[in-house]
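# Sequence and predicted structure, then a few things I'm wondering about:
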Amino acid sequence: MFELRLRPSGLPIQNGVDCGDPFVVATIRRRQARARHDLDLAFAALTDHIAGQTNGLFRVPLPMTTLRSPTPSGVPQRLAAARSGSPRLGRGIDSALPALQALCPEELAFIAEIDLGEARKIVALVHRGEPLPKRSPSEVRRASLDRVRARTSLPTLALLARTPSTMDAFVKYGLVTGEGVIESVQIPLERPGRVSVCVSSQIGCALGCSFCATGRMGLLRNLRAWEIVEQVRIVRRDLSPGVRVHGVVFQGMGEPLANWQEVRQAARVLSESAAQAIDARNITISTAGLPAGIRDLAAFLPNVRLAISIGSPRSDVRRTLIPIDAVHPLDAVLAAVGDHTVATRHAPLFAYTLLAGKNDTLDDARALARIAKDFANRYGKRPRLSLIPYNSIGPGDPYERTDAITEARFRDAIVAEGVIPTRRYSGGADVAAACGQLAARSIDGSIVS
């Protein structure tokens, strides 16, 4: 049995483990553990509990609590309930059985009480796009397959629309959830035969960034891990022979770090060798700037890349573009990004969308270059700076794209400071698939507002 003690203190516990959360210190004691992976499952139980105590964008200090695992391995309650055949319980969790496409082999092995090798075989089968077979495949016992069928589900998202761009090779997908339609994008990469998938993590978004179509509509709900993974599976099934998914970017609808628990699980499955087998270094999670989530990303997904939306180097302007700056100003965000860089040794991506007359002056360029240089001097890694042309977000759009001459001068001013930016090609604008244009829609196709 494992005992997990949580208390609202930032001080280490003797012989304890610091989980990285500023309010929580955990002590994990291993008792009568039968296998090495039990300790990892205990960590999963701990982080599930922490995620359940997170209220929106703000961390809530936890009271002194002792959790005694009801199962020998100390797995999360949602998995233990599935194993016993009971409905899943807990905040924000429905009563459906766990989705197969959102499970790593170790989790499936626990739920279905099967061998890890059998679990790997079944997970690989599912992620190749095949249904569960009527007859057990080789190396999987019939009783094991029957338990998997009884204790898991294989839901899907219906494809409402597949909209290829007439300007480039970008393709937008409209996918139906129970509450409306989400959007994902197939992004062609420079090297032939490779694509990235831009996935959504929420239906809508609560942060309200003023230059983003998703930010106009508020938040309907978080997507579940299987709904995030399913976006990649659907795009993968649509690819031509010889083309593969090389990477995933969490830059679609929603703020990924505001849905951390489900995003974390989705990223684990996407990078699992028996599942989608996407190199974690080719997965990027983009955020408007949630410091606690950035530090969690470093602690639990150290190989996944981080991208930050800068908005403006001037705090008064940034606050009008990215309202969460009022809670988490850029300095605090960059401090968290620095901690991430030190922990992972990965250079972050600074994303900067150019808005005519708003953040595209020469002074803005020099200030942006100083931020990049100061970051490199302090944390030892120079951030990659990506300049993004603005894409219209529809009727009542308050912004315009910076013209080519002003953009060139802006870039030259940054280069003169010793920083070399790149210009992101933002394709699919003719079908509203470009950066900032994805929007939650109702079943009839109208944008949710």
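Received it, and whenever you're ready, just let me know what you need.
# make it CA atoms for all contacts and neighbour counts henceforth
Noted.
# Doesn't Val181 lie inside a helix?
No: Val181 is assigned strand when assessed by DSSP: H, G, I helix; E, B strand; the rest coil, not a helix.
# Tell me what it is bridged to.
Val176, Arg441 (DSSP bridges).
# and it, how many neighbours does it have?
For Val181, the neighbour count with other Cα atoms under 10 Å is 26.
# just the strands in the stretch 101-250 of the chain please.
158-164, 171-177, 180-188, 194-198, 202-204, 219-222, 244-250 (DSSP state E, counting those that start in this stretch).
# Output the ones you listed as CSV; include the columns distance to Pro398 and mean pLDDT.
Shown next, in CSV, are those (distance: least, Cα to Cα, whole Å; pLDDT from 0 to 100):
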stretch, distance to Pro398, mean pLDDT
strand 158-164, 26, 94
strand 171-177, 24, 95
strand 180-188, 23, 93
strand 194-198, 25, 97
strand 202-204, 19, 94
strand 219-222, 21, 94
strand 244-250, 25, 98
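# which one of those lies closest to Gly396?
strand 202-204 (18.3 Å; Cα to Cα).
# who does the closest one touch, helix- and strand-wise?
In this structure, strand 202-204 packs against strand 180-188, strand 219-222, with contacts taken as 3 or more Cα pairs under 8 Å, 6 or more residues apart in numbering; DSSP states H and E.
# tell me the most buried of the strands of the stretch 101-250 of the chain?
strand 202-204 (a mean of 28; mean count of other Cα atoms under 10 Å).
# That one: how far from the chain's middle?
Strand 202-204 sits 12 Å away from the centroid of its parent chain (Cα atoms, centre = their mean, to the nearest Å).
# Start at 45, not 1
Sure thing, new numbering starts at 45, so read that last one as strand 246-248.
# How about residues contacting that strand?
Strand 246-248 has contacts (Cα atoms under 8 Å, 6 or more residues apart in numbering) with 224-226, 258-259, 261-267, 297-300, 303, 483-484.
# just stretch 353-365 next, same as before
So stretch 353-365 is contacted by 253-255, 330-333, 366, 369-370, 373-374, 394-397, 402-403, 408, 411-412, 415 (Cα under 8 Å, 6+ apart).
# Okay, buried residues for it please.
For stretch 353-365, a neighbour-count test (16 or more other Cα atoms under 10 Å) marks 353-357, 359, 362-365 as buried.
# what about the residue nearest to Leu233 when sequence neighbours are not counted, distance to Val229?
Excluding its sequence neighbours, the residue lying closest to Leu233 (Cα to Cα, 6 or more residues apart in numbering) is Val239, at 5.2 Å. As judged by Cα to Cα, to the nearest Å, Val239 and Val229 stand 10 Å apart.
# And Tyr396, by the same measure?
In terms of Cα to Cα, Tyr396 sits 20 Å off from Val229.
# go on, Gly382?
30 Å.
# And the strands of the stretch 145-294 of the chain: which comes nearest Gly424?
strand 288-294 (24.8 Å).
# what's the angle from that closest one to strand 238-242?
30 degrees (axes from the mean of the first three to the mean of the last three Cα atoms, to 10 degrees).
# Can you get me a residue count around Ala387?
13.
# Can you list phi and psi of it for me?
phi -70, psi -40 (degrees, to the nearest 10).
# so it makes contact with Ala342?
Yes: the pair Ala387 / Ala342 is scored as a contact, 6.4 Å apart, by Cα atoms under 8 Å.
# coming back round to it: export the buried residues of stretch 353-365 as CSV, with columns for pLDDT, secondary structure and distance to Lys425.
Below are those laid out as CSV (pLDDT from 0 to 100; DSSP: H, G, I helix; E, B strand; the rest coil; distance: Cα to Cα, whole Å):
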residue, pLDDT, secondary structure, distance to Lys425
Ser353, 98, strand, 18
Ile354, 98, coil, 17
Gly355, 97, coil, 21
Ser356, 98, coil, 21
Pro357, 97, coil, 19
Ser359, 96, helix, 24
Arg362, 98, helix, 24
Arg363, 97, helix, 26
Thr364, 97, helix, 29
Leu365, 97, helix, 27
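# Which residues are in contact with Val459?
Pro465.
# Give me the secondary structure label for it.
Secondary structure, three-state DSSP: Val459 is helix.
# Could you tell me how far it is located from Ala395?
Val459 is 16 Å from Ala395, where distance means Cα to Cα.
# same question, Pro181
Counting by Cα to Cα - Pro181 and Ala395 are separated by 47 Å.
# Mind checking which of these two has more residues around it?
Shown here are Pro181 and Ala395; by other Cα under 10 Å, Ala395 has more neighbours (23 against 15).
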